[in-house]
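Q: Sequence below, structure please.
(one chain, ligands or ions: 1)
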Amino acid sequence: AHLDRIGAVDGAVHAFLHTNTDEALAAAAAVDTARAAGEDLHALAGVPIAVKDVVVTKGQVTTAGSKILEHWVPPYDATLVERLRAAGMPILGKTNMDEFAMGSSTEHSAYGPTRNPWDLDRIPGGSGGGSAAAVASFEAPLAIGTDTGGSIRQPAAVTGTVGVKPTYGSVSRYGLIALASSLDQAGPCTRTVLDSALLHDVIGGHDPRDSTSLSERAPSYTEAAKAGATGDLTGLKVGVVTELGGEGYQSGVRASFEASLELLTNAGAEIVEVSCPSFTAALAAYYLILPSEASSNLAKFDGMRFGLRVEPTEGPITAERVMAATRGAGFGDEVKRRIILGTYALSAGYYDAYYGSAQKVRTLIQRDFAAAFAQVDVLVSPTAPTTAFKFGDKVDDPMAMYLNDVATIPANLAGVPGLSLPSGLSDDGLPVGFQILAPARADERLYRVGAALE
Ligand code: GLN
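A: Modelled structure (predicted):
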């Protein structure tokens, strides 16, 4: 049914870069056989899923939205993909994204943008717009995204879906094509909070192949979501972040945020205002740290080892000239912009002024979170300052595009988990996201509070 739905609507939505019909049908048939044989199956066995194209899948083309990996077929599965397969979940295909996960609209995909199912003239968010649009358009019941600065939560907000960035280290990064290794985290894109909890339980947990993977066993997120679904939040303290609201936030976004706060109060929660003063510098710090790490991670795309190789048409064929020709042809403008920014910020003469200062801001943000969570159980804010904008509105203005991430970035800099869920429609008729943030390793709070709001 989902493959049929993809056939019917994906020409317009373009959520998928590749589908894997035969493999998905075979995986589904294997589950049917196992069920008929009376085998003990996982709750999500047979439920199909879409996977963002930055996650490597054995035998299936994986491009990260870039021309430099146009025909690349990975020889192995990411850990999270292994876990999906082990649970019996057929993989429908790979979803569209901004090139190497750099962007907030999918307009930076080398394969053309994904369209927002709510309004095909608008962006579905980014970088994981494909995963969010696939779920919002009922092409897939569940999807996987990655969130380095908001790429799961912001697309969820603008497509009326649920998206979770788990605690850093909660889901293995083995087999993710790295953007910024200290910020990257994979997580669920779904239509309900309970679905996200179920999926997080499948993909989470320790992985010896990821050196930053948390070692302790996580509690059941599914149980937390079920507990929250009773709607009782008596005794819960909720902090509204002063710095993530007000000026710059669309009035319809603010109104829907206020309405969600009222729901929390009705559920028995106590709402207080909490200031996190360093959050105002988060965006600036992120756009130095991310390009710095990205410039290093992307150095491996050199035209020598794998992926695209372009030889210069004139002059000698030297390694350096092949690298330059390959990278010049294979990377898009946004990727080049960030590589240049990152190599500049890391260069000897500027390291302390830029990268060093950004790391200090990161520490201040972590301290703000620690102080806030000493007072409240969860923090809340709108997920994004605006509803889905129109194609072309921000693509030529990188600063305007970056500003869309103000509310999501602090969580990545501190490694804390965040969830975005729909909080109704703005006065423009488009969905608005409500963001919940919890302390590191307390992801279950997101599911409890999120399910209570649903
Ligand atoms: N919009 C952010 C950026 O462009 C999101 C990155 C991400 O989460 N992958 O960097």
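Q: what does the average pLDDT come to for stretch 273-281?
A: Averaging pLDDT along stretch 273-281 gives 98.
Q: what distance separates the start and the end of it?
A: Chord length of stretch 273-281, first to last residue, is 19 Å (CA to CA, to the nearest Å).
Q: which ones are touching the nearest residue to residue 165 once chain neighbours are set aside?
A: Take residue 165 and drop its neighbours on the chain: the residue closest to it by CB to CB, 6 or more residues apart in numbering is residue 147, 3.8 Å away. For every residue, glycine as well, the C-beta is placed using N, CA and C. Contacts for residue 147 (CB atoms under 8 Å, 6 or more residues apart in numbering) come out as 128, 153, 163, 165, 184-187, 408, 412, 418.
Q: and if we set it to 7 Å?
A: The contact partners of residue 147, by CB atoms under 7 Å, 6 or more residues apart in numbering, come to 153, 165, 185, 187, 412.
Q: mind listing which of these are in strands?
A: The members of those that map onto strands under DSSP state E are 165, 187.
Q: mind putting the contacts of residue 147 in CSV, pLDDT included?
A: Formatted as CSV, the contacts of residue 147 follow (pLDDT from 0 to 100):
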residue, pLDDT
153, 98
165, 98
185, 98
187, 98
412, 98
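Q: out of the contacts of residue 147, which is most surrounded?
A: The most crowded member of the contacts of residue 147, judged by other CB atoms under 10 Å, is residue 165 (36 neighbours).
Q: Surely it is in contact with residue 415?
A: No: contact status for residue 165 versus residue 415: not in contact, 9.9 Å apart, counting by CB atoms under 7 Å.
Q: Could you check the pLDDT of the closest residue to the ligand within the chain?
A: Using CB to the nearest ligand atom, the closest approach of the chain to the ligand is made by residue 151 at 2.9 Å. At residue 151, the predicted lDDT confidence score is 98.
Q: That one and residue 145 touch, don't they?
A: Yes: using CB under 7 Å, residue 151 is in contact with residue 145, at 6.2 Å.
Q: May I see the buried residues of the strand or helix carrying residue 32?
A: According to DSSP states H and E, residue 32 maps onto helix 21-36. Within helix 21-36, the residues scored as buried using 16 or more other CB atoms under 10 Å are 23-24, 27-28, 31.
Q: Can you pull the residues of the stretch 101-250 of the chain lying near the ligand?
A: When proximity is defined as CB under 6 Å from any ligand atom, the stretch 101-250 of the chain approaches the ligand at 101-104, 127, 146-151, 179.
Q: Residue 406: what secondary structure?
A: Following DSSP: H, G, I helix; E, B strand; the rest coil, residue 406 is assigned to coil.
Q: burial measure for the nearest residue to it once chain neighbours are set aside, as a count.
A: For residue 406, ignoring the flanking residues on the chain, the nearest one in space by CB to CB, 6+ apart is residue 283 at 5.5 Å. Residue 283: 19 surrounding residues under other CB under 10 Å.
Q: And the pLDDT at residue 310?
A: You'll see residue 310 listed with a pLDDT of 96.
Q: ugh, typo on my part, it should be residue 452
A: pLDDT recorded at residue 452 is 97.
Q: isn't it right next to residue 231, touching?
A: Yes: counting by CB under 7 Å, residue 231 is a contact partner of residue 452 at 5.2 Å.
Q: which residue ranges form the strands in the stretch 151-300 of the chain?
A: Counting by DSSP state E, counting those that start in this stretch, the segments of the stretch 151-300 of the chain that form strands are 162-165, 186-190, 237-241, 270-274.
Q: List the pairing partners of the second one within its sheet, with orientation.
A: Spelled out, that is strand 186-190. Paired neighbours of strand 186-190 in the sheet (DSSP bridges): strand 142-146 (antiparallel), strand 162-165 (antiparallel).
Q: Only alpha carbons, please: show that strand as CSV.
A: Taking Å, rounded to 0.1, in the frame of the first residue of the first chain, the C-alpha atoms of strand 186-190 are listed here in CSV:
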residue,chain,number,x,y,z
ALA,A,186,19.9,10.1,14.2
GLY,A,187,16.3,9.8,15.4
PRO,A,188,12.6,9.1,14.6
CYS,A,189,10.3,11.0,12.2
THR,A,190,6.7,9.9,12.7
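Q: for the one helix or strand residue 451 maps to, packing partners?
A: Here residue 451 sits within helix 443-453, counting by DSSP H and E. Helices and strands touching helix 443-453, by 3 or more CB pairs under 7 Å, 6 or more residues apart in numbering; DSSP states H and E, are helix 193-203, helix 221-228, helix 251-266, strand 418-425, strand 431-437.
Q: Distance to residue 120 for the strands paired with strand 186-190 - can I get that in CSV?
A: CSV is the format used below for those (distance: least, CB to CB, whole Å):
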stretch, distance to residue 120
strand 142-146, 19
strand 162-165, 21
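Q: Residue 240 - how many residues pack around it?
A: Using other CB under 10 Å, residue 240 has 19 neighbouring residues.
Q: actually residue 336, sorry about that
A: For residue 336, the neighbour count with other CB under 10 Å is 13.
Q: cool, residue 420 as well?
A: By other CB under 10 Å, the residues close to residue 420 number 36.
Q: Number the chain from 303, please
A: Taking 303 as the first residue, the last one we looked at is residue 722.
Q: Now do the same contact list for it.
A: 455, 458-459, 464-465, 685, 735-737 are the contacts of residue 722 under CB under 7 Å, 6+ apart.
Q: For the stretch 553-702 of the chain, list the residues in contact with the ligand, please.
A: By CB under 6 Å from any ligand atom, the residues of the stretch 553-702 of the chain that approach the ligand are residue 592.
Q: could you pull out the helices for the stretch 553-702 of the chain?
A: Using DSSP state H, counting those that start in this stretch, the helices of the stretch 553-702 of the chain run over 553-568, 584-599, 621-632, 635-648, 659-677, 700-705.
Q: Compare the ones you listed and say which comes out lowest on pLDDT.
A: Ranked by mean pLDDT, those bottom out at helix 700-705, with a mean of 89.
Q: Would you mark the buried spots in that one?
A: Of all the residues in helix 700-705, those buried under the rule 16+ other CB under 10 Å are 700, 703-705.
Q: so where's the stretch 303-452 of the chain shaky on pLDDT?
A: For the stretch 303-452 of the chain, no stretch has pLDDT under 70.
Q: Quick one: the helices in it, in order.
A: For the stretch 303-452 of the chain, applying DSSP H, counting those that start in this stretch gives helices covering 304-315, 323-338, 381-388, 431-438.
Q: Would you mark the buried spots in the third one?
A: Burial within helix 381-388, assessed by neighbour count using 16+ other CB under 10 Å, is assigned to 381-387.
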